[in-house]
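Student: next come a sequence and a model predicted from it.
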Amino acid sequence: MKRYIAKACPITILICLLCLLVMQGCTAPGEVKEHTRNLLALNTWINIRIYAGREGPEIINSAVQRLEEIENRMSVTIQDSDVSRINSNAGIQPVKVHEDTFEVIEKALEYASLSNGAFDITIYPIVQLWGIGSDHPRVPSDEEIKEKLKLVDYQKVMLNKDEGTVYLKEKGMGIDLGAIAKGYAADEVVRVLSQAGVKHALINMGGNVIVIGSKPNGQPWKIGIQDPRSDVLQQHIAVVETANESVVSSGDYERYIEDVYKKTGVRYHHIFDPSTGYPANKGLMAVTVVAEKSIDADALSTVVFVMGADEGLDIIEQMENVEALAVTMDKKIHTTKGFDKRLSVTNEEYEIIP
Ligand code: ADP
Ligand code: MG
(Lines give C-alpha, C1' and ligand atoms only; values in the text may rest on other atoms or scores of the structure.)
(Ligands and ions follow the chains in the order given, each with its own letter.)
Protein backbone atom coordinates (compact mmCIF):
# COMPACT_ATOMS: atom_id res chain seq x y z
CA MET A 1 0.00 0.00 0.00
CA LYS A 2 2.74 2.38 0.99
CA ARG A 3 4.55 1.65 -2.26
CA TYR A 4 1.35 2.28 -4.22
CA ILE A 5 0.91 5.77 -2.64
CA ALA A 6 4.53 6.57 -3.25
CA LYS A 7 4.11 5.66 -6.92
CA ALA A 8 0.76 7.40 -7.40
CA CYS A 9 1.75 10.65 -5.79
CA PRO A 10 3.98 12.10 -8.53
CA ILE A 11 1.37 11.21 -11.17
CA THR A 12 -1.43 12.76 -9.10
CA ILE A 13 0.64 15.88 -8.52
CA LEU A 14 1.38 16.09 -12.24
CA ILE A 15 -2.31 15.77 -13.12
CA CYS A 16 -3.19 18.41 -10.53
CA LEU A 17 -0.57 20.76 -11.94
CA LEU A 18 -1.86 20.19 -15.49
CA CYS A 19 -5.42 20.90 -14.33
CA LEU A 20 -4.28 24.14 -12.72
CA LEU A 21 -2.53 25.17 -15.90
CA VAL A 22 -5.62 24.49 -18.04
CA MET A 23 -7.86 26.30 -15.55
CA GLN A 24 -5.71 29.38 -15.75
CA GLY A 25 -6.70 29.69 -19.40
CA CYS A 26 -10.41 29.62 -18.58
CA THR A 27 -12.25 32.00 -16.31
CA ALA A 28 -13.70 30.66 -13.12
CA PRO A 29 -17.07 32.12 -12.16
CA GLY A 30 -16.51 35.44 -10.44
CA GLU A 31 -12.95 35.77 -11.66
CA VAL A 32 -12.55 39.02 -13.58
CA LYS A 33 -10.35 39.24 -16.65
CA GLU A 34 -9.94 41.31 -19.81
CA HIS A 35 -12.23 40.65 -22.80
CA THR A 36 -11.80 42.55 -26.05
CA ARG A 37 -13.57 42.80 -29.41
CA ASN A 38 -12.79 44.68 -32.64
CA LEU A 39 -15.51 45.47 -35.12
CA LEU A 40 -16.38 47.80 -37.96
CA ALA A 41 -19.51 49.89 -37.34
CA LEU A 42 -20.67 53.49 -37.77
CA ASN A 43 -18.07 53.92 -40.47
CA THR A 44 -15.13 53.31 -38.14
CA TRP A 45 -13.07 50.64 -36.37
CA ILE A 46 -14.32 50.07 -32.88
CA ASN A 47 -12.49 48.38 -30.01
CA ILE A 48 -14.36 47.34 -26.88
CA ARG A 49 -12.29 46.26 -23.87
CA ILE A 50 -14.06 45.24 -20.68
CA TYR A 51 -13.11 43.58 -17.41
CA ALA A 52 -15.65 40.92 -16.49
CA GLY A 53 -16.12 37.30 -15.49
CA ARG A 54 -17.06 34.36 -17.71
CA GLU A 55 -20.05 36.25 -19.08
CA GLY A 56 -17.70 38.85 -20.70
CA PRO A 57 -18.22 37.76 -24.34
CA GLU A 58 -22.01 37.77 -23.94
CA ILE A 59 -21.92 41.22 -22.39
CA ILE A 60 -19.88 42.44 -25.37
CA ASN A 61 -22.41 40.81 -27.73
CA SER A 62 -25.22 42.88 -26.26
CA ALA A 63 -23.16 46.07 -26.61
CA VAL A 64 -22.44 45.22 -30.26
CA GLN A 65 -26.12 44.57 -30.86
CA ARG A 66 -26.95 48.02 -29.52
CA LEU A 67 -24.29 49.58 -31.79
CA GLU A 68 -25.77 47.87 -34.84
CA GLU A 69 -29.25 49.00 -33.89
CA ILE A 70 -28.08 52.62 -33.69
CA GLU A 71 -26.19 52.35 -36.98
CA ASN A 72 -29.27 50.95 -38.73
CA ARG A 73 -31.30 53.92 -37.53
CA MET A 74 -28.82 56.74 -38.05
CA SER A 75 -26.61 55.83 -41.00
CA VAL A 76 -27.01 58.07 -44.02
CA THR A 77 -25.86 55.25 -46.32
CA ILE A 78 -28.35 52.61 -45.15
CA GLN A 79 -31.40 53.02 -47.38
CA ASP A 80 -34.19 52.41 -44.88
CA SER A 81 -32.54 54.12 -41.89
CA ASP A 82 -34.50 56.87 -40.14
CA VAL A 83 -32.01 59.42 -41.48
CA SER A 84 -32.37 58.24 -45.10
CA ARG A 85 -36.15 58.32 -44.83
CA ILE A 86 -36.04 61.85 -43.38
CA ASN A 87 -33.81 62.95 -46.27
CA SER A 88 -35.85 61.37 -49.04
CA ASN A 89 -38.99 62.99 -47.62
CA ALA A 90 -37.47 66.49 -47.43
CA GLY A 91 -40.02 69.07 -48.59
CA ILE A 92 -42.62 66.29 -48.85
CA GLN A 93 -43.74 65.08 -45.43
CA PRO A 94 -42.72 64.53 -41.78
CA VAL A 95 -41.25 61.11 -41.00
CA LYS A 96 -41.84 59.08 -37.85
CA VAL A 97 -38.52 58.00 -36.34
CA HIS A 98 -37.27 55.87 -33.45
CA GLU A 99 -36.76 57.61 -30.08
CA ASP A 100 -32.98 57.14 -30.43
CA THR A 101 -32.90 59.14 -33.65
CA PHE A 102 -35.25 61.79 -32.31
CA GLU A 103 -33.10 62.29 -29.21
CA VAL A 104 -29.89 62.68 -31.25
CA ILE A 105 -31.46 65.17 -33.67
CA GLU A 106 -32.92 67.15 -30.77
CA LYS A 107 -29.46 67.33 -29.15
CA ALA A 108 -27.85 68.25 -32.49
CA LEU A 109 -30.23 71.20 -32.85
CA GLU A 110 -29.34 72.38 -29.33
CA TYR A 111 -25.66 72.42 -30.33
CA ALA A 112 -26.53 74.17 -33.58
CA SER A 113 -28.16 77.07 -31.74
CA LEU A 114 -25.47 77.12 -29.04
CA SER A 115 -22.77 77.44 -31.71
CA ASN A 116 -24.79 79.83 -33.84
CA GLY A 117 -24.84 77.35 -36.70
CA ALA A 118 -21.16 76.30 -36.65
CA PHE A 119 -22.50 72.85 -35.86
CA ASP A 120 -25.23 72.05 -38.38
CA ILE A 121 -26.48 68.57 -39.31
CA THR A 122 -28.17 69.97 -42.44
CA ILE A 123 -24.62 70.20 -43.88
CA TYR A 124 -25.32 66.97 -45.83
CA PRO A 125 -25.73 68.54 -49.33
CA ILE A 126 -22.24 70.07 -48.87
CA VAL A 127 -20.84 66.74 -47.56
CA GLN A 128 -22.18 65.00 -50.67
CA LEU A 129 -20.89 67.67 -53.03
CA TRP A 130 -17.29 67.27 -51.80
CA GLY A 131 -17.52 63.50 -51.33
CA ILE A 132 -14.62 63.45 -48.88
CA GLY A 133 -14.12 59.94 -47.54
CA SER A 134 -16.04 58.51 -50.53
CA ASP A 135 -14.31 56.98 -53.56
CA HIS A 136 -14.94 60.11 -55.67
CA PRO A 137 -13.88 63.20 -53.69
CA ARG A 138 -13.43 66.49 -55.60
CA VAL A 139 -13.06 70.22 -55.12
CA PRO A 140 -16.34 71.75 -56.35
CA SER A 141 -16.68 75.20 -57.94
CA ASP A 142 -17.69 78.28 -55.91
CA GLU A 143 -21.00 78.32 -57.79
CA GLU A 144 -21.81 74.74 -56.90
CA ILE A 145 -21.01 75.43 -53.25
CA LYS A 146 -23.15 78.58 -53.22
CA GLU A 147 -26.08 76.67 -54.67
CA LYS A 148 -25.90 73.81 -52.13
CA LEU A 149 -25.32 76.20 -49.22
CA LYS A 150 -28.87 77.52 -49.72
CA LEU A 151 -30.09 74.16 -48.43
CA VAL A 152 -28.06 74.33 -45.21
CA ASP A 153 -30.09 75.71 -42.31
CA TYR A 154 -30.76 73.86 -39.08
CA GLN A 155 -33.74 76.14 -38.40
CA LYS A 156 -35.56 74.34 -41.19
CA VAL A 157 -35.54 71.03 -39.26
CA MET A 158 -39.00 70.65 -37.73
CA LEU A 159 -39.37 68.33 -34.75
CA ASN A 160 -42.73 67.19 -33.45
CA LYS A 161 -42.21 65.59 -30.04
CA ASP A 162 -45.80 64.35 -29.62
CA GLU A 163 -45.77 62.61 -32.98
CA GLY A 164 -42.10 61.63 -32.86
CA THR A 165 -41.58 63.02 -36.36
CA VAL A 166 -38.87 64.94 -38.17
CA TYR A 167 -39.46 67.14 -41.22
CA LEU A 168 -37.02 69.00 -43.45
CA LYS A 169 -38.78 72.03 -44.90
CA GLU A 170 -37.15 72.18 -48.34
CA LYS A 171 -36.71 69.69 -51.17
CA GLY A 172 -33.04 68.78 -51.58
CA MET A 173 -32.24 69.27 -47.88
CA GLY A 174 -30.55 66.45 -45.98
CA ILE A 175 -29.13 65.70 -42.55
CA ASP A 176 -25.98 63.81 -41.58
CA LEU A 177 -25.41 62.72 -37.97
CA GLY A 178 -21.73 61.89 -38.57
CA ALA A 179 -20.55 64.47 -36.03
CA ILE A 180 -22.73 63.27 -33.15
CA ALA A 181 -24.07 59.70 -33.64
CA LYS A 182 -20.83 58.02 -32.56
CA GLY A 183 -20.97 59.91 -29.27
CA TYR A 184 -24.54 58.76 -28.66
CA ALA A 185 -23.58 55.18 -29.56
CA ALA A 186 -20.63 55.29 -27.14
CA ASP A 187 -22.90 56.45 -24.30
CA GLU A 188 -25.31 53.64 -25.09
CA VAL A 189 -22.51 51.05 -25.06
CA VAL A 190 -21.51 52.36 -21.64
CA ARG A 191 -25.12 52.08 -20.45
CA VAL A 192 -25.42 48.47 -21.65
CA LEU A 193 -22.08 47.49 -20.10
CA SER A 194 -22.78 49.22 -16.78
CA GLN A 195 -26.21 47.60 -16.53
CA ALA A 196 -24.49 44.24 -16.97
CA GLY A 197 -22.30 45.08 -13.98
CA VAL A 198 -19.08 46.10 -15.77
CA LYS A 199 -16.99 48.38 -13.53
CA HIS A 200 -13.93 48.94 -15.75
CA ALA A 201 -13.95 49.33 -19.54
CA LEU A 202 -12.45 51.29 -22.40
CA ILE A 203 -14.24 51.77 -25.70
CA ASN A 204 -12.43 53.34 -28.64
CA MET A 205 -14.51 54.32 -31.65
CA GLY A 206 -11.96 55.75 -34.06
CA GLY A 207 -10.82 58.66 -31.91
CA ASN A 208 -13.95 58.76 -29.74
CA VAL A 209 -12.87 57.19 -26.47
CA ILE A 210 -15.06 56.53 -23.46
CA VAL A 211 -14.10 54.77 -20.24
CA ILE A 212 -16.01 53.19 -17.38
CA GLY A 213 -14.41 53.64 -13.97
CA SER A 214 -10.66 53.66 -13.60
CA LYS A 215 -8.23 50.99 -14.74
CA PRO A 216 -8.81 47.75 -12.80
CA ASN A 217 -5.77 48.57 -10.63
CA GLY A 218 -7.38 51.85 -9.52
CA GLN A 219 -5.10 54.07 -11.63
CA PRO A 220 -6.69 56.56 -14.06
CA TRP A 221 -6.82 55.59 -17.74
CA LYS A 222 -4.25 57.35 -19.90
CA ILE A 223 -5.64 58.36 -23.28
CA GLY A 224 -3.23 59.36 -26.03
CA ILE A 225 -4.04 62.36 -28.23
CA GLN A 226 -3.21 61.48 -31.86
CA ASP A 227 -0.45 63.47 -33.58
CA PRO A 228 -2.42 65.23 -36.36
CA ARG A 229 0.61 65.27 -38.64
CA SER A 230 1.82 61.70 -38.22
CA ASP A 231 0.74 58.99 -40.66
CA VAL A 232 1.31 56.45 -37.92
CA LEU A 233 -1.73 55.66 -35.79
CA GLN A 234 -1.12 55.72 -32.03
CA GLN A 235 1.60 58.36 -32.47
CA HIS A 236 0.68 60.77 -29.68
CA ILE A 237 1.41 64.41 -28.91
CA ALA A 238 0.04 64.26 -25.37
CA VAL A 239 -1.62 62.00 -22.87
CA VAL A 240 -4.69 62.86 -20.76
CA GLU A 241 -5.60 61.10 -17.53
CA THR A 242 -9.24 60.20 -17.11
CA ALA A 243 -11.86 58.08 -15.32
CA ASN A 244 -15.61 57.80 -16.02
CA GLU A 245 -15.39 60.21 -18.95
CA SER A 246 -15.32 60.48 -22.70
CA VAL A 247 -12.36 61.90 -24.62
CA VAL A 248 -13.22 62.79 -28.22
CA SER A 249 -10.90 64.13 -30.89
CA SER A 250 -11.73 65.65 -34.28
CA GLY A 251 -9.38 67.04 -36.85
CA ASP A 252 -8.29 67.75 -40.40
CA TYR A 253 -6.16 64.60 -40.40
CA GLU A 254 -8.93 62.02 -40.26
CA ARG A 255 -10.34 62.30 -43.78
CA TYR A 256 -9.11 64.61 -46.54
CA ILE A 257 -8.48 64.64 -50.29
CA GLU A 258 -5.05 63.03 -50.37
CA ASP A 259 -3.96 63.54 -53.99
CA VAL A 260 -4.82 67.27 -53.89
CA TYR A 261 -2.87 67.56 -50.62
CA LYS A 262 0.16 65.82 -52.16
CA LYS A 263 0.10 68.13 -55.21
CA THR A 264 -0.76 71.47 -53.59
CA GLY A 265 -0.30 71.11 -49.84
CA VAL A 266 -3.93 72.19 -49.33
CA ARG A 267 -5.82 69.89 -47.04
CA TYR A 268 -9.52 69.68 -47.95
CA HIS A 269 -10.94 67.75 -45.03
CA HIS A 270 -14.32 66.49 -43.84
CA ILE A 271 -15.36 69.07 -41.22
CA PHE A 272 -17.20 71.89 -42.97
CA ASP A 273 -17.84 75.49 -42.03
CA PRO A 274 -21.59 75.92 -42.66
CA SER A 275 -21.07 79.65 -43.22
CA THR A 276 -18.80 79.08 -46.26
CA GLY A 277 -19.42 75.53 -47.51
CA TYR A 278 -15.63 74.94 -47.43
CA PRO A 279 -13.68 72.79 -44.96
CA ALA A 280 -13.38 74.67 -41.64
CA ASN A 281 -10.31 76.84 -41.75
CA LYS A 282 -9.78 78.54 -38.40
CA GLY A 283 -6.13 77.59 -38.04
CA LEU A 284 -6.67 74.29 -36.22
CA MET A 285 -5.35 70.80 -36.92
CA ALA A 286 -7.13 69.02 -34.09
CA VAL A 287 -9.46 69.42 -31.14
CA THR A 288 -10.04 67.18 -28.13
CA VAL A 289 -12.99 67.55 -25.78
CA VAL A 290 -13.43 65.76 -22.46
CA ALA A 291 -16.93 65.44 -21.00
CA GLU A 292 -18.95 62.99 -18.97
CA LYS A 293 -21.19 62.14 -21.94
CA SER A 294 -19.67 61.17 -25.25
CA ILE A 295 -22.52 62.78 -27.20
CA ASP A 296 -21.51 66.17 -25.75
CA ALA A 297 -17.78 65.61 -26.31
CA ASP A 298 -18.45 64.50 -29.90
CA ALA A 299 -20.65 67.44 -30.87
CA LEU A 300 -18.42 69.93 -29.05
CA SER A 301 -15.21 68.73 -30.70
CA THR A 302 -16.77 69.60 -34.06
CA VAL A 303 -18.09 72.92 -32.66
CA VAL A 304 -14.61 74.00 -31.49
CA PHE A 305 -12.95 72.83 -34.71
CA VAL A 306 -15.32 74.95 -36.82
CA MET A 307 -15.25 78.02 -34.53
CA GLY A 308 -11.50 78.09 -33.87
CA ALA A 309 -9.48 78.15 -30.64
CA ASP A 310 -10.54 81.53 -29.22
CA GLU A 311 -14.29 81.42 -29.71
CA GLY A 312 -14.52 77.64 -29.38
CA LEU A 313 -12.64 77.35 -26.09
CA ASP A 314 -14.63 80.32 -24.70
CA ILE A 315 -17.81 78.31 -25.20
CA ILE A 316 -16.32 75.27 -23.43
CA GLU A 317 -15.05 77.46 -20.57
CA GLN A 318 -18.65 78.37 -19.75
CA MET A 319 -19.66 74.72 -19.37
CA GLU A 320 -19.30 72.73 -16.18
CA ASN A 321 -17.31 69.51 -16.25
CA VAL A 322 -16.23 69.94 -19.86
CA GLU A 323 -12.61 70.57 -20.87
CA ALA A 324 -10.99 71.01 -24.25
CA LEU A 325 -7.74 71.51 -26.09
CA ALA A 326 -7.21 72.92 -29.57
CA VAL A 327 -4.02 72.29 -31.57
CA THR A 328 -3.09 75.17 -33.89
CA MET A 329 -1.14 74.85 -37.17
CA ASP A 330 1.99 76.14 -35.41
CA LYS A 331 1.86 73.17 -32.98
CA LYS A 332 0.61 75.02 -29.93
CA ILE A 333 -1.86 73.22 -27.68
CA HIS A 334 -4.37 75.74 -26.29
CA THR A 335 -6.41 74.46 -23.34
CA THR A 336 -9.31 75.46 -21.12
CA LYS A 337 -8.30 76.69 -17.63
CA GLY A 338 -6.78 74.00 -15.46
CA PHE A 339 -6.98 71.31 -18.12
CA ASP A 340 -3.25 71.62 -18.82
CA LYS A 341 -2.63 70.01 -15.39
CA ARG A 342 -4.23 66.77 -16.57
CA LEU A 343 -2.12 66.67 -19.71
CA SER A 344 1.42 65.53 -20.34
CA VAL A 345 3.03 66.41 -23.63
CA THR A 346 4.81 63.44 -25.20
CA ASN A 347 6.08 65.13 -28.38
CA GLU A 348 8.63 67.94 -27.92
CA GLU A 349 7.53 69.71 -31.09
CA TYR A 350 4.28 70.65 -29.34
CA GLU A 351 3.86 73.17 -26.54
CA ILE A 352 0.96 73.74 -24.13
CA ILE A 353 -0.51 77.27 -23.90
CA PRO A 354 -2.95 77.20 -20.94
P1 ADP B 1 -15.18 62.17 -37.05
O2 ADP B 1 -16.53 61.56 -36.82
O3 ADP B 1 -14.61 61.90 -38.37
O4 ADP B 1 -14.24 61.92 -35.93
P5 ADP B 1 -16.52 64.66 -36.49
O6 ADP B 1 -17.11 64.15 -35.24
O7 ADP B 1 -15.97 66.04 -36.43
O8 ADP B 1 -15.36 63.73 -37.02
O9 ADP B 1 -17.63 64.59 -37.58
C10 ADP B 1 -17.37 64.89 -38.92
C11 ADP B 1 -18.56 64.50 -39.74
O12 ADP B 1 -19.71 65.29 -39.39
C13 ADP B 1 -18.36 64.73 -41.23
O14 ADP B 1 -17.88 63.57 -41.86
C15 ADP B 1 -19.73 65.14 -41.71
O16 ADP B 1 -20.51 63.99 -41.97
C17 ADP B 1 -20.34 65.85 -40.53
N18 ADP B 1 -20.05 67.30 -40.49
C19 ADP B 1 -19.11 68.00 -41.16
N20 ADP B 1 -19.12 69.30 -40.84
C21 ADP B 1 -20.12 69.44 -39.91
C22 ADP B 1 -20.65 70.56 -39.19
N23 ADP B 1 -20.15 71.79 -39.33
N24 ADP B 1 -21.67 70.33 -38.33
C25 ADP B 1 -22.18 69.09 -38.18
N26 ADP B 1 -21.76 68.02 -38.84
C27 ADP B 1 -20.72 68.17 -39.69
MG1 MG C 1 -17.89 65.05 -33.62
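Tutor: Perfect, thanks for sending it. All values derive from a computational prediction rather than experimental measurement. Ligands and ions are numbered 1, 2, ... in the order given.

Student: OK, contacts around the closest residue to ligand 2 within the stretch 51-200 of the chain?
Tutor: Residue nearest to ligand 2 within the stretch 51-200 of the chain: residue 179 (3.9 Å; CB to the ion). Backbone N, C-alpha and C define where each C-beta goes, glycine included. By CB atoms under 8 Å, 6 or more residues apart in numbering, the contact list for residue 179 reads 108, 119, 121, 250, 271, 298, 299, 302.

Student: let's see 6 Å
Tutor: When contacts are counted by CB atoms under 6 Å, 6 or more residues apart in numbering, residue 179 touches residue 302.

Student: before we move on, what about residue 85?
Tutor: Here residue 85 is in contact with residue 95 (criterion: CB under 6 Å, 6+ apart).

Student: okay, it: pLDDT?
Tutor: Here, the pLDDT recorded for residue 85 equals 98.

Student: that one belongs to a helix?
Tutor: Yes. Counting by DSSP: H, G, I helix; E, B strand; the rest coil, residue 85 is located in a helix.

Student: per-domain residue ranges of the chain.
Tutor: As given by automatic domain parsing, the domain ranges for the chain are 34-68+187-353, 82-168.

Student: ok, which of those comes nearest residue 74?
Tutor: Smallest distance to residue 74 across the domains of the chain (CB to CB): 5.5 Å, for domain 82-168.

Student: what about the residue nearest to the spatial centre of the chain, distance to residue 33?
Tutor: Of all residues in the chain, the one closest to the mean position by CA atoms, centre = their mean is residue 208, 3.1 Å from it. Separation of residue 208 from residue 33 (CB to CB, to the nearest Å): 25 Å.

Student: kindly report the same for residue 280.
Tutor: Distance of residue 280 to residue 33, computed by CB to CB: 43 Å.

Student: the more surrounded of the two?
Tutor: residue 280 (23 against 14; other CB atoms under 10 Å).

Student: quick one: contacts for the more buried one?
Tutor: Residue 280 sits next to 271, 273, 305, 306 when contact means CB under 6 Å, 6+ apart.

Student: the chain against ligand 2: which residues are in contact?
Tutor: 179, 298, 301, 302 (CB under 5 Å from the ion).

Student: ok, back up a step: mind putting the domains of the chain into TSV with distance to residue 175?
Tutor: Below are the domains of the chain laid out as TSV (distance: least, CB to CB, whole Å):
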stretch	distance to residue 175
domain 34-68+187-353	12
domain 82-168	4
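
Student: make CSV out of those domains and add distance to ligand 1.
Tutor: Shown next, in CSV, are these (distance: least, CB to the nearest ligand atom, whole Å):
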stretch, distance to ligand 1
domain 34-68+187-353, 4
domain 82-168, 4
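
Student: which residue ranges form the strands in the stretch 151-300 of the chain?
Tutor: Assigned by DSSP state E, counting those that start in this stretch, the strands in the stretch 151-300 of the chain fall at 157-160, 165-168, 201-205, 208-212, 221-226, 236-242, 246-251, 284-291.

Student: and the fourth one, what's its mean pLDDT?
Tutor: Okay, so that is strand 208-212. 97.

Student: same for it, what does it pack against?
Tutor: Packed against strand 208-212 by the contact rule (3 or more CB pairs under 6 Å, 6 or more residues apart in numbering; DSSP states H and E) you find helix 181-195, strand 201-205, strand 246-251.

Student: which of the residues of the chain next to ligand 2 are buried, as a PyMOL select command?
Tutor: Selection of buried members from the residues of the chain next to ligand 2 for PyMOL, criterion 16 or more other CB atoms under 10 Å:
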select buried, resi 179+298+301+302
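
Student: out of the residues of the chain next to ligand 2, which are inside helices?
Tutor: Cross-referencing the residues of the chain next to ligand 2 against helices under DSSP state H gives 298, 301, 302.

Student: grab the nearest non-local neighbour of the last one.
Tutor: Pointing back at residue 302 there. Setting aside the residues directly before and after it, residue 302 is nearest to residue 179 in space (CB to CB, 6 or more residues apart in numbering), at 4.2 Å.

Student: phi, psi for that neighbour please.
Tutor: With angles defined as degrees, to the nearest 10, residue 179 sits at phi -100, psi 0.

Student: separation between it and ligand 1?
Tutor: 3 Å (CB to the nearest ligand atom, to the nearest Å).

Student: count residues in the vicinity of the closest residue to residue 221 other than its chain neighbours, would you?
Tutor: Of all residues not flanking residue 221 in the chain, residue 211 sits nearest, at 4.8 Å (CB to CB, 6+ apart). Using other CB under 10 Å, residue 211 has 22 other residues around it.

Student: so residue 211 bridges to which residues?
Tutor: With DSSP bridges as the criterion, residue 211 is bridged to residue 202.

Student: do a quick rundown of the helices in the stretch 251-354 of the chain.
Tutor: Under the criterion DSSP state H, counting those that start in this stretch, helices of the stretch 251-354 of the chain are mapped to 258-264, 294-307, 309-317.

Student: rebuild these as CSV, extending it with distance to residue 336 and mean pLDDT.
Tutor: CSV is the format used below for the helices of the stretch 251-354 of the chain (distance: least, CB to CB, whole Å; pLDDT from 0 to 100):
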stretch, distance to residue 336, mean pLDDT
helix 258-264, 30, 87
helix 294-307, 10, 98
helix 309-317, 5, 97
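
Student: show me what contacts residue 44?
Tutor: Residue 44 makes contact with 205, 206 under the criterion CB under 6 Å, 6+ apart.

Student: for it, phi and psi?
Tutor: phi -150, psi 160.

Student: from ligand 2, how far out is it?
Tutor: Counting by CB to the ion, to the nearest Å, the separation of residue 44 from ligand 2 is 11 Å.
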